[in-house]
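Q: quick one, fold the following:
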Amino acid sequence: MKVGVYFCRCGGNMSNKVDIAAIRARVGRSAGSSGDPAGRPTDEVYFKDLDFPCSEDGQNAVLQDIQARKPDRVVVAGCSPREHESTFRALLARAGMNPYLLQMTNIREHVVWVTPDKAQATDKCALYILAAIERVKLHEPLETKYLDVNLDTLVIGAGPAGLKAALTLAEAGRKVVLVEKRPIIGGMPVLYEEVCPNLECGPCVLEPLMAELLQGPHAKDIELLTLSQVTEVLGFYGNFTVKIAKAPRYVNTRTCIGCSMCLPGCPASAPNAFNYGLNDRKAIAFAFMGGLPNAPYIDPTVCVRMKDGQDCAVCQASCPIEGTINFQDQPQDLERKVGAIVLATGGKLYDCTRLANLGFGRVKDVIHALQFERLASANGPSEGQLLTSAGTPAKRIAIVHCAGSLDSNHRKYCSAVCCSYAFKFSHLIRKKAPGAKVTHYVKTICVPGKEGHKLYDHARHDPETRFIRYTDIAHLSVQMAADGSTIITCTDAPPEYSARLFDLVVLCPPIVPGDDAAELGKLLGVTKDSEGFFEELHGLTEATKSKVRGVYLAGTCQAPMNLQQSFTQGAAAGGNILSALVAGRKLEIAPVVASVDPERCSGCLCCIPVCPYKAITRKDKGSAGLPAVAASKAEEPRAKYVAEINAVLCQGCGTCVSTCPAGAIKGSHFTNAQILAELKEVLS
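A: Residues are numbered from 1 along each chain as shown. Have a look, this model is predicted:
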């Protein structure tokens, strides 16, 4: 076997720190001595040093030399493979060689930069090159495969991040299936009177996106499925098959004109989930006034016709457009084929009932931040008036920061948005209840961003606003006072502020993963971090990619973030998909992946839980071309299943190879024989 070694002098960075002549002589002396039992050389190795083989001139020189000498294998001794392995693989392809018959050895970072003694550096460098030669002899020609892909995308969640991702894709002419479990789109911000940091109207910020999605020139490319949930995901990147359960709305959104005439006569009501239980809603109702699509929906768990079987059709009789209300509307099981998936399911607030000392759920006028948002909204339960549970104006309001944040007993992280919206609440209180006194109970203050300080400054300079610092949420206690008001006791405060009376207490808990994160994580095989958020591929460089190829993350399903960050991440996820799935381009499947020998697989399936990319599944042994049981009763029965690795999802990390107790998994380009040959030469 003929092996060509190309040594990079790197402009003196390496050639001045090692003895190239000594390396050349040693490589030539050792070539092939281990290949024949009699010690006769069986391999030809030639050594050529160049100044900058990675440069254009250097590449041309290497190319001409390879074409002239026609080696079977090539070793490049230079810098990190991370930097230039793709360069030299492309060069081998140009020379007519298989690009995987190359081995790069990093003598710059691993040898000359860290070994000041020239003799030692020369010895190490020679060993590295000899090891690379022994390894490359065992390289196999691997072939990149290509797969046709579906360019459509599924977006799960129609909040700010999901809307932005869907529109980014649709504007590029891509088909999008947008799944939203609620009857309206827009996520949480459409429920807010104002949004940080500049106090813009929440629905107004989102309305252009929602209108574009529903009625704009790209609406034809977006299939919006409200009251829908993903129930099954099959396949892999470029070729997913998704099953979706769509619940009936019982109202035709195409014919409904949003006149509200169906609402007043409805005899049934229940707590309004969109106002977080602060008021009731009818069985047929709008989510809230201004929500889009602008059509009511019937809750079958509240409607007396559907729940109790009563012969009630008041809403249908009141509707001026015949056929708009349809009691025979049925659930649908839909199936869609897509090439990529965006998870934009958002988050929720930490359960305040777990903070027992703060009285949530026990003391009537203790509410959480989202309840206050609805209380302060003009389309909320009190039409924007800040009222207590008794219906009286709130004149003394407490805002408790970090209600569960930065706390080892609850959530260790900071959501980075709570302080901003807490100071926004100060502004809303001053506008809607000018004479009210506000007290902020703060553990610490976080107002990031170039405009984040504005709301804090407004609150800090307000003469009717006071700040009381506490060190631990356990040092606060909220109880009902004798006069019906609420008393907060703070053991950290000075004596004159240790116990104060309030009409309304607002808790600002951290953002946590949404209710459906666990189930969707299982369906898609997406891993979660220690806090339960969907885990990104890399927190700095690949924050919009999950560890499952083809599944992208956007918005607060991945981490707490503000509105700007959610929009940005939604656009980034869409952009990643557009750059990866391109019309006319096939999906490239790198050949450096693991594979299972079904004959050797014992069916223990130890490899499945350790794969970080969810690339391994179990397969019935019969479908793998092997009998499911032994041919003879005298033989031990075979395992029913074998492991199977999806080459599209596999990233070639080798975790499964090291885990397999039977040695049934082979890592292409990183076989045991290749690695052991390299180690043997270095240690000899």
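
Q: endpoints of stretch 266-282, how far apart?
A: Stretch 266-282 stretches 6 Å from its first residue to its last (C-alpha to C-alpha, to the nearest Å).

Q: now what about that stretch, what contacts it?
A: Stretch 266-282 has contacts (C-beta atoms under 8 Å, 6 or more residues apart in numbering) with 191, 263, 283-285, 287-288, 291, 299, 301-304, 307, 312, 314-315, 367-368, 370-371, 374-375, 380-382. Quick note: C-beta positions are derived from backbone N, CA and C, even for glycine.

Q: and it, how far from the chain's centre?
A: Counting by C-alpha atoms, centre = their mean, to the nearest Å, stretch 266-282 is centred 34 Å from the centre of its parent chain.

Q: and the residue nearest to residue 433 when sequence neighbours are not counted, how far from residue 431?
A: Spatial nearest neighbour of residue 433, chain neighbours left out: residue 386 (5.1 Å); criterion: C-beta to C-beta, 6 or more residues apart in numbering. Distance, residue 386 to residue 431, using C-beta to C-beta, to the nearest Å: 10 Å.

Q: out of those two, which sits in the more crowded spot?
A: Neighbours per residue, other C-beta atoms under 10 Å: of residue 386 and residue 431, the larger number sits with residue 386, 20 against 13.

Q: the more buried one is in contact with residue 434, isn't it?
A: No - using C-beta atoms under 8 Å, residue 386 makes no contact with residue 434, being 11.0 Å away.

Q: which ones among the contacts of stretch 266-282 map onto helices?
A: Mapping the contacts of stretch 266-282 onto helices (DSSP state H) picks out 304, 307, 314, 315, 370, 371, 374, 375.

Q: output the residues you listed in TSV, with distance to residue 405, neighbour count and pLDDT appended to each entry.
A: Shown next, in TSV, are the ones in helices among the contacts of stretch 266-282 (distance: C-beta to C-beta, whole Å; neighbours: other C-beta atoms under 10 Å; pLDDT from 0 to 100):
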residue	distance to residue 405	neighbour count	pLDDT
304	43	15	96
307	40	13	93
314	47	18	96
315	44	27	96
370	16	18	97
371	18	21	97
374	22	24	96
375	22	26	96
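
Q: near the nearest residue to residue 26 once chain neighbours are set aside, how many other residues are there?
A: Distance criterion C-beta to C-beta, 6+ apart; nearest residue to residue 26, sequence neighbours excluded, is residue 126 at 4.5 Å. Residue 126: 23 surrounding residues under other C-beta under 10 Å.

Q: residues touching the residue minimising distance to the centre of the chain, list them.
A: Taking C-alpha atoms, centre = their mean as the criterion, residue 553 is the residue nearest the geometric centre of the chain, at 3.2 Å. By C-beta under 8 Å, 6+ apart, the contact list for residue 553 reads 342, 343, 344, 534, 536, 543, 544, 545, 546, 569, 573.

Q: I'd say the fourth one and residue 554 touch.
A: No - taking C-beta under 8 Å as the contact criterion, residue 534 and residue 554 are not neighbours in contact, 9.9 Å apart.

Q: checking my notes, residue 384 in a strand, right?
A: No - using DSSP: H, G, I helix; E, B strand; the rest coil, the assignment for residue 384 is coil, not a strand.

Q: what residues are up against it?
A: By C-beta under 8 Å, 6+ apart, residue 384 lies in contact with 193, 376, 377, 378, 432.

Q: can you check residue 465 too?
A: Neighbouring residues of residue 465 by C-beta under 8 Å, 6+ apart: 426, 437, 438, 439, 440, 459.

Q: take the residues you listed and lay them out in JSON lines including pLDDT, secondary structure and neighbour count.
A: Listed next are the contacts of residue 465 as JSON lines, based on pLDDT from 0 to 100; DSSP: H, G, I helix; E, B strand; the rest coil; neighbours: other C-beta atoms under 10 Å:
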{"residue": "426", "pLDDT": "95", "secondary structure": "helix", "neighbour count": "22"}
{"residue": "437", "pLDDT": "96", "secondary structure": "strand", "neighbour count": "18"}
{"residue": "438", "pLDDT": "97", "secondary structure": "strand", "neighbour count": "22"}
{"residue": "439", "pLDDT": "97", "secondary structure": "strand", "neighbour count": "21"}
{"residue": "440", "pLDDT": "97", "secondary structure": "strand", "neighbour count": "25"}
{"residue": "459", "pLDDT": "94", "secondary structure": "helix", "neighbour count": "22"}
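
Q: and the strand or helix carrying residue 6, what does it pack onto?
A: Element membership of residue 6 [criterion: DSSP states H and E] is strand 2-8. With contacts taken as 3 or more C-beta pairs under 8 Å, 6 or more residues apart in numbering; DSSP states H and E, strand 2-8 sits against helix 20-30, strand 44-50, helix 56-69, strand 73-78, helix 118-136.

Q: mind redoing it with 10 Å?
A: Identification of packing neighbours for strand 2-8 by 3 or more C-beta pairs under 10 Å, 6 or more residues apart in numbering; DSSP states H and E yields helix 20-30, strand 44-50, helix 56-69, strand 73-78, helix 81-94, strand 102-106, helix 118-136.

Q: who's the residue nearest to residue 515 when sequence neighbours are not counted bridged to?
A: Leaving aside its sequence neighbours, residue 515 sits nearest to residue 348 (C-beta to C-beta, 6+ apart; 6.7 Å). With DSSP bridges as the criterion, residue 348 is bridged to residue 512.

Q: residues in contact with residue 348?
A: 188, 370, 509, 511, 512, 513, 514, 515, 516, 517, 556 (C-beta atoms under 10 Å, 6 or more residues apart in numbering).

Q: could you redo these as TSV and give each row distance to residue 55?
A: Listed next are those as TSV, based on distance: C-beta to C-beta, whole Å:
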residue	distance to residue 55
188	53
370	59
509	57
511	50
512	52
513	49
514	52
515	56
516	53
517	49
556	47
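
Q: so where's this structure shaky on pLDDT?
A: Judged by pLDDT under 70, the chain has its weakly predicted residues at 30-42, 622-639.

Q: how does it divide into domains?
A: The chain resolves into domains spanning 2-136, 149-247+331-346+519-525+533-581, 249-327, 350-512, 589-668 when parsed by automatic domain parsing.

Q: in the stretch 101-250 of the chain, which spans are strands?
A: With DSSP state E, counting those that start in this stretch as the criterion, the stretch 101-250 of the chain has strands at 102-106, 145-147, 153-156, 176-179, 222-225, 228-236, 239-246.

Q: from what I can see residue 65 touches residue 4, true?
A: Yes - between residue 65 and residue 4 there is a contact under C-beta atoms under 10 Å: 7.3 Å.

Q: quick one, which of the two is more surrounded?
A: Neighbour totals were compared for residue 65 and residue 4, and residue 4 leads with 23 against 19 (other C-beta under 10 Å).

Q: now do the more buried one against residue 87, distance only.
A: 16 Å.

Q: with the contacts of residue 384 in mind, which one is nearest to residue 406?
A: residue 376 (25.8 Å; C-beta to C-beta).

Q: so the closest one sits against residue 432, correct?
A: Yes - contact criterion C-beta under 10 Å: residue 376 and residue 432 qualify, at 6.4 Å.

Q: between the two, tell me which one has more neighbours.
A: Between residue 376 and residue 432, counted using other C-beta under 10 Å, the more crowded position is residue 376 (22 against 17).

Q: how about that one: what's its closest non-neighbour residue?
A: For residue 376, ignoring the flanking residues on the chain, the nearest one in space by C-beta to C-beta, 6+ apart is residue 428 at 4.7 Å.

Q: now whichever strand or helix holds the one you found: buried residues?
A: Per DSSP H and E: residue 428 is located in helix 418-432. Going by neighbour count (16 or more other C-beta atoms under 10 Å), the buried part of helix 418-432 is 418-430, 432.

Q: cool, and stretch 663-671?
A: By neighbour count with 16+ other C-beta under 10 Å, stretch 663-671 contains the buried residues 664, 665, 666, 667, 668, 671.

Q: and the residue nearest to residue 652 when sequence neighbours are not counted, what does it touch?
A: Excluding its sequence neighbours, the residue lying closest to residue 652 (C-beta to C-beta, 6+ apart) is residue 592, at 4.1 Å. Applying C-beta under 10 Å, 6+ apart, we find residue 592 in contact with 100, 142, 144, 647, 650-654, 667-670.
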